[in-house]
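Participant: give the three-dimensional model of this entry:
(2 chains)
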Amino acid sequence: MPKKLYLDKQSVDFYEKVKEISGETITLCDQCGTCSGGCPVIEQMDISPAQLMRMVMLGDKEVMDTKTMWLCATCNTCTVRCPRELDVSKVAEALRQIRLRQSIDQVKIDEIPKDILRELPQIAVVGAFRRLTS
Amino acid sequence: MKIPYYPGCTLKSAAKHFEKSAIESAKKIGVEFVELPRWNCCGVVASLADDDLMHHLAPIRNMVRVLEMNRDGLVEDEKRLLMLCSMCYNTLSRSNKRVSENSEDLDAINDFMYKEEIDYDGSVETVHFLEIIKEIGFDKVKKAVKKSLKNLKVAPYYGCMLLRPKEVGIDDPETPTIFENLISSLTAEPIKWNNSRRCCGSFLTVDNADVVIELGSDILEDAKNSGADIIITSCPLCAFNLDNRQKNIKEKYPDFKEIPVVYFTQLMALAFGLSEEVMGFDGNFIDPRKLLKSKKLIK
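Facilitator: Predicted structure coming up:
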């Protein structure tokens, strides 16, 4: 007998929000783990990209408190390998956007020492501010 | 061939040596870059949120400039826009693809750009310099070689933005060959290694330098263990993370041995026998001249 999973309204709303921003039908994920296997930053993550997908699928808002979405450098390795043609980097972006759209910045520009800012190329600074600030 | 060229911010500052070596090397294979008048920042990273159209505006405004160049006779019926920087290539290509395939998005962007003299029609094609080299032919590159790079073992480093996602990648995302073919045509030896397509950590270098140091260390060790003398790239952010960050890798791992990382166009300039000023090796953090002198490739 197939078992059915019932989610409460809050969880459904959260899932729908992520789906709307990312444009990805996250429930298509088979949890095969290919994304996690190829992720270059997985060692530093607290949950794997596959776990991130699973938590979003279940509408589990606790995913917002994990580090993983902030460590995704959008290298798109998972994107080109996903057998379901899902783009995990867009799901991570949606989670970042949910936080950033509340004007909660991940990187505080004032807190970056000036000598480090001077050393970094523009391409790094603009890229980081685009991905990690509101 | 005269082709519209989009430089982007970093090629006018930290990566001037990339631009100069590219422009002069291109001339040797019959390509003239015509810089886009009034180009603006592409935003570095592509907007990934489906409901965020606004961040595509800056990239698309550059497409209007390409149409203007054709109108004003700066180029002749050439609607391809050439990039050197991998990040710019990726961002401009993804934005261009989105609006070219979605007329509602295109209309909305054009509404925002109502002060422009020309509406964008989706007709510009974004290309990376490597694609143009491939189109011209590697045999033509070989004919332009004045100095043999025999015995120079080169690790081709693609990084992410040239290859992924598939829709904008310039080659197969898993088994690319374009850099290898270029290296061979420059009479150097391309090495086989595992990390040619691995991410360097990108913009995480700003808030998570340690992640970048670890990735960089892995990538560089693999290149050296696979026999590389030198690494080539086409991305100024990869260049920073793999070249400048060797200083930080050395601080963390004192036994670490440095390896030069240069732009592929610097290798072209070297093989084409261009001047020291054009090669611009003084712009690289780990100076490649010591290695090149030991290989008797420069004086």
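Participant: for residue A:91, give me its contacts.
Facilitator: Listed by CB atoms under 8 Å, 6 or more residues apart in numbering or on different chains, the contact partners of residue A:91 are A:18, A:22, A:24, A:26, A:52, A:53, A:56. All C-beta atoms are positioned from the backbone trio N, CA, C, and that covers glycine.
Participant: pop out the phi and psi values for the residue nearest in space to the middle of chain B.
Facilitator: Residue closest to the average C-alpha location in chain B (CA atoms, centre = their mean): residue B:234, at 3.1 Å. Recorded main-chain torsions at residue B:234 are phi -130, psi 10, according to degrees, to the nearest 10.
Participant: enumerate every residue touching it.
Facilitator: Taking CB under 8 Å, 6+ apart, one finds B:84, B:85, B:86, B:128, B:129, B:130, B:159, B:162, B:263, B:264 in contact with residue B:234.
Participant: how far off centre is stretch B:26-42?
Facilitator: Taking CA atoms, centre = their mean, to the nearest Å, the mean C-alpha location of stretch B:26-42 is offset from the chain mean by 13 Å.
Participant: ok, and the closest non-adjacent residue to residue A:117?
Facilitator: residue A:125 (6.8 Å; CB to CB, 6 or more residues apart in numbering or on different chains).
Participant: hmm, the one you found is touching residue B:206, no?
Facilitator: Yes - counting by CB atoms under 8 Å, residue A:125 does reach residue B:206; the two are 6.2 Å apart.
Participant: which residues touch the helix or strand that contains residue B:5?
Facilitator: Following DSSP states H and E, one finds residue B:5 within strand B:2-6. Strand B:2-6 has contacts (CB under 8 Å, 6+ apart) with B:31-36, B:39, B:42, B:62, B:65-66, B:69, B:74-76, B:78, B:80-84, B:88, B:92, B:132.
Participant: now a ChimeraX select for only the buried ones of those.
Facilitator: With 16 or more other CB atoms under 10 Å in any protein chain shown as the criterion, this ChimeraX line picks the buried residues out of the contacts of strand B:2-6:
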select /B:31,33,36,39,42,62,65,66,69,74,75,78,80,81,82,83,84,88,92,132
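Participant: among the contacts of strand B:2-6, which lie within helices?
Facilitator: Residues of those located in helices (DSSP state H): B:62, B:65, B:66, B:69, B:88, B:92, B:132.
Participant: chain B contacts on chain A?
Facilitator: Chain A comes close to chain B at residues A:20-23, A:40-41, A:43-44, A:71, A:73-77, A:79-80, A:87, A:89-90, A:93-94, A:97, A:106-107, A:112, A:119-128, A:130-132, as judged by CB under 8 Å from any CB of the partner chain.
Participant: give me the buried entries from these.
Facilitator: A:21-22, A:40-41, A:44, A:71, A:73-77, A:79-80, A:87, A:89-90, A:93-94, A:97, A:107, A:120-128, A:130-132.
Participant: at the geometric centre of chain A, which residue sits there?
Facilitator: By CA atoms, centre = their mean, chain A has its centre lying nearest to residue A:92, at 1.6 Å.
Participant: which residues are in contact with that one?
Facilitator: Counted by CB under 8 Å, 6+ apart, residue A:92 has contacts A:49, A:52, A:68, A:69, A:72, A:74.
Participant: which SS class is the second one?
Facilitator: Pointing back at residue A:52 there. helix (DSSP: H, G, I helix; E, B strand; the rest coil).
Participant: right, and the helix or strand after the lowest-mean-pLDDT helix or strand in chain A?
Facilitator: Ranked by mean pLDDT, DSSP states H and E, the weakest helix or strand in chain A is helix A:114-119, scoring a mean of 91. Note on helix A:114-119: by DSSP H and E, the next helix or strand toward the C-terminus is helix A:122-132.
Participant: quick one: contacts of that following helix?
Facilitator: A:70, A:74, A:93, A:96, A:100, A:105-107, A:109, A:117, B:8-10, B:13-14, B:41, B:43-45, B:55, B:85, B:87, B:202-207, B:236-237, B:240.
Participant: one step back: for the ones in helices among the contacts of strand B:2-6, give me TSV that also has pLDDT and distance to chain A.
Facilitator: Formatted as TSV, those follow (pLDDT from 0 to 100; distance: CB to the nearest CB, whole Å):
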residue	pLDDT	distance to chain A
B:62	98	15
B:65	98	20
B:66	98	22
B:69	98	24
B:88	98	9
B:92	98	14
B:132	98	22
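Participant: for those residues, which one is nearest residue A:9?
Facilitator: residue B:92 (41.3 Å; CB to CB).
Participant: got a pLDDT number for the closest residue to residue B:62 other than its chain neighbours?
Facilitator: Nearest non-adjacent residue to residue B:62, counting by CB to CB, 6+ apart: residue B:39, 5.5 Å away. For residue B:39, the model assigns a pLDDT of 98.
Participant: identify the residues contacting residue 41.
Facilitator: You didn't pick a chain, so chain A it is. Residue A:41 touches A:71, A:72, A:73, B:199, B:201, B:204, B:211, B:215, counting by CB under 8 Å, 6+ apart.
Participant: wait, I meant chain B there
Facilitator: A:126, B:8, B:9, B:58.
Participant: how near is it to residue B:33?
Facilitator: 19 Å (CB to CB, to the nearest Å).
Participant: what comes up buried for stretch B:141-148?
Facilitator: In stretch B:141-148, counting by 16+ other CB under 10 Å, buried: B:141, B:144, B:145.
Participant: residues making contact with it?
Facilitator: Taking CB under 8 Å, 6+ apart as the rule, stretch B:141-148 contacts B:28-29, B:133, B:182, B:185-187, B:268, B:270-273, B:297.
Participant: apply 6 Å and report the result again.
Facilitator: B:28, B:29, B:185, B:187, B:271, B:272, B:273 (CB atoms under 6 Å, 6 or more residues apart in numbering or on different chains).
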